[in-house]
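Asker: need the 3D shape of this:
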Amino acid sequence: MQEQPSILKGGIFTDHRGSMRFVNDFRFGDVKRFYFIKHPDTTVVRAWQGHQFEKKYFYPIAGSFLVAWVKIDDFENPSRDLLPEYHILSTENSEIISVPKGYANGLKALEPNSELLIFSDMDLEESVNEKIRFSADWWLDWNKF
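Answerer: The predicted model follows:
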């Protein structure tokens, strides 16, 4: 059975010493690398990156992001009628989105200077060789957000 995207809920603890954000159910078992993406403003859309074999995890470091994903029916000629799903990641809610292989993903900052941490189960060379880009204007109207 094909793995489905999921949202791992975490929490935030605050006391007189400060605050701590966490996602205790996240496991690093398949993670091979990580990187950060920072959007200086809310006009930039990073979409769509299709991954036939790569799994990614998204976690907000600063601000908030709209993270979207769509199950690709045919990586060589995908239907333009596919229905995307999306979730807003924010530092206000400590959550990780897991997007498995077989999906395309995209993102857009909802606040200036938002930053996102991405974990991948592939090293960089593997990822570059299997990534397929699709037009940002397919599947979702990013301007609605």
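
Asker: mind listing the helices in this structure by residue range?
Answerer: With helices called from DSSP state H, the chain shows them at 124-130.

Asker: can you tell me which residue is nearest the centre of the chain?
Answerer: Against the mean C-alpha coordinate of the chain, by C-alpha atoms, centre = their mean, the closest residue is Phe58 at 4.3 Å.

Asker: mind listing what that residue touches?
Answerer: With contacts defined as C-beta atoms under 8 Å, 6 or more residues apart in numbering, the neighbours of Phe58 are 65, 67, 89, 96-97, 99, 105, 107, 116-118. C-beta coordinates here come from the backbone N, C-alpha and C atoms, glycine included.

Asker: count of neighbours near the nearest residue to Leu110 once chain neighbours are set aside?
Answerer: Here the nearest residue to Leu110 in space, its sequence neighbours aside, is Ser64; by C-beta to C-beta, 6 or more residues apart in numbering that works out to 4.4 Å. Counted by other C-beta atoms under 10 Å, the residues lying close to Ser64 total 19.

Asker: can I get stretch 24-35 in PDB? Just the C-alpha atoms.
Answerer: What follows is stretch 24-35, C-alpha atoms only, in PDB (Å, rounded to 0.1, in the frame of the first residue of the first chain):
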ATOM      1  CA  ASN A  24       8.500  13.900  19.800                       C
ATOM      2  CA  ASP A  25       7.000  11.300  17.400                       C
ATOM      3  CA  PHE A  26       9.400  12.200  14.600                       C
ATOM      4  CA  ARG A  27      12.000   9.600  13.900                       C
ATOM      5  CA  PHE A  28      15.200  10.300  12.000                       C
ATOM      6  CA  GLY A  29      15.700   6.700  10.800                       C
ATOM      7  CA  ASP A  30      15.500   7.300   7.000                       C
ATOM      8  CA  VAL A  31      16.900  10.900   7.000                       C
ATOM      9  CA  LYS A  32      20.100  11.300   5.000                       C
ATOM     10  CA  ARG A  33      20.300  15.100   4.800                       C
ATOM     11  CA  PHE A  34      18.600  18.400   5.700                       C
ATOM     12  CA  TYR A  35      18.500  21.900   4.400                       C
END
